[in-house]
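Q: Structural data only, the sequence is not supplied:
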């Protein structure tokens, strides 16, 4: 993987793109395209309430495969920007939205465990696909990685996805397990957006994707600043993925027993610890601590964010409700690297910024605790 990134400049030369022109694409994505992603996810996400999941997959997967080919053979910066927009919208946005919306709607008594299994697939992809892409790019060129991705989407993801989602499901009774599950009124999207507690929850929900993307995006800057080996950074990503999976499963079981609202105050505490650890200068072992804490936060939040919305707002309009959340998260992941990069250029180092992020996590934890108390009484 490290060797792949070292060959990035050669790839840019092959595409006739200078680093300065590539920076234009990055700024485009962090600003204008992020706004377009936000609006598009909200519009497409509402379709999940009226269009069966397998029909959505029939549209989304081919478009995502086409976007991968467009990224491979983009003849200009403008076309590359369109490709990145489509990859973010249909990959990071809509594909995740379909999986978690369908799972959240189909399961009730064991919704936490069900969502945690979806997280396994997500983390498995994050842990293996970049390595596979890098190996193909090193051996055969970067275009081979994109073409292989398109083939995998059409030959594997599309038929498996249609098969898995083609049978509609509704939460069913197994013994007496649903008798203790309270009936929740289904809120419309307009009602949710008028609910003040929803916006309070967003102040915490958006933090993990924002901070996590910042840490990943500025990995070269961090390793150079601290003198950490890049190979060690790559290894810690595996540790983070394993930790995420473990705590996703643990939190899923806890959510099924206590409810999502009870877990709400917990997910930002380890993230605050990760921010403070990253702010302290020390040996490379500090990075391992950061990734473990980040994995704990990611594991809890990944399961929590899939189960809390139907628990609070019902399942009838879950697609429309989650589309607001997903679009905001996509925007947060796009804005984070750009905003922190601007501060770095103005002399505010990332470790100093991490102190502020850690303090914000603690403040947001207080807000999540208050929201949890309020929701249990509502």
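A: Ah, there it is. This one's a predicted model, so the numbers in the text were calculated from it and none came from an experiment. Numbering: from 1, shown residues only.

Q: And the average pLDDT for stretch 153-162 is what?
A: On average, the pLDDT along stretch 153-162 is 91.

Q: Give me the distance between the two termini of it.
A: This stretch, stretch 153-162, spans 12 Å end to end (Cα to Cα, to the nearest Å).

Q: Name the residues that touch it?
A: Taking contacts as Cβ atoms under 8 Å, 6 or more residues apart in numbering, the residues outside stretch 153-162 that touch it are 54, 57, 58, 61, 62, 64, 65, 68. From N, CA and C alone the C-beta is placed, and that goes for glycine too.

Q: Give me the buried positions along stretch 61-80.
A: Neighbour counts using 16 or more other Cβ atoms under 10 Å place 61, 64-72, 74, 77, 80 of stretch 61-80 among the buried residues.

Q: Which one of those is nearest to residue 368?
A: Using Cβ to Cβ, residue 64 is the member of the buried residues of stretch 61-80 that lies nearest residue 368, at 33.3 Å.

Q: Phi first, then psi, for that closest one.
A: Backbone geometry at residue 64, expressed as degrees, to the nearest 10, gives phi -60, psi -40.

Q: distance of it from residue 334?
A: Shown here: residue 64 relative to residue 334, a distance of 18 Å by Cβ to Cβ, to the nearest Å.

Q: how about low-confidence regions in the chain?
A: The model of the chain has pLDDT under 70 over residues 1-50, 108-109, 127, 168-183.

Q: and with 50 instead?
A: Flagging of the chain using pLDDT under 50 yields the residue ranges 1-25, 27-33, 173-179.

Q: Spell out for me which residue occupies the centre of it.
A: For the chain, the residue lying nearest the average C-alpha position, counting by Cα atoms, centre = their mean, turns out to be residue 209 (6.0 Å).

Q: How about the contacts made by that residue?
A: 329, 332, 333, 336.

Q: from the residues you listed, which ones fall inside helices?
A: Helix and strand membership here follows DSSP state H; of these, those in helices are 329, 332, 333, 336.

Q: Was I right to think the last one contacts residue 207?
A: I take that to be residue 336. No: with contacts defined as Cβ atoms under 8 Å, residue 336 does not count as touching residue 207, sitting 10.1 Å away.

Q: Which other helices and strands does the helix or strand where residue 119 lies contact?
A: Using DSSP states H and E, residue 119 sits in helix 111-140. Here helix 111-140 touches helix 2-6, helix 96-106, helix 142-152, helix 230-258, helix 285-313, going by 3 or more Cβ pairs under 8 Å, 6 or more residues apart in numbering; DSSP states H and E.

Q: For it, could you pull out the residues that count as buried?
A: 111-116, 118-119, 122-123, 127, 133-134, 136-138.

Q: now that helix and helix 285-313, what's the angle there?
A: Using axes from the mean of the first three to the mean of the last three Cα atoms, to 10 degrees, one finds that helix 111-140 and helix 285-313 are set 130 degrees apart in direction.

Q: related to what we said a few turns ago, which of the helices or strands spans the residue nearest to the centre of the chain?
A: For residue 209, the host element (DSSP H and E) is helix 207-217.

Q: Same check on residue 325?
A: Here residue 325 sits within helix 318-345, counting by DSSP H and E.

Q: And the next helix or strand past that helix?
A: Following helix 318-345 toward the C-terminus (DSSP H and E): helix 350-377.

Q: so what does that next one touch, helix or strand wise?
A: For helix 350-377, the helices and strands in contact under the criterion 3+ Cβ pairs under 8 Å, 6+ apart are helix 196-205, helix 207-217, helix 219-226, helix 260-263, helix 268-279, helix 318-345.

Q: Pull the residues that contact the third one.
A: Contact with helix 219-226 is made by 5, 215, 228-230, 233, 278, 281-282, 284, 286-287, 344, 349-351, as judged by Cβ under 8 Å, 6+ apart.

Q: cool, the fifth one as well?
A: Here helix 268-279 makes contact (Cβ under 8 Å, 6+ apart) with 204, 207-208, 211, 215, 222, 286-287, 289-291, 293-294, 296-297, 300, 350-352, 354-355, 357-359, 361-362, 364-365, 368.

Q: Can you select the buried ones among the residues you listed for me in PyMOL?
A: Buried residues within these, as defined by 16+ other Cβ under 10 Å, are selected in PyMOL through the command that follows:
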select buried, resi 204+207+208+211+215+222+286+287+289+290+291+293+294+296+297+300+350+351+354+357+358+361+364+365+368
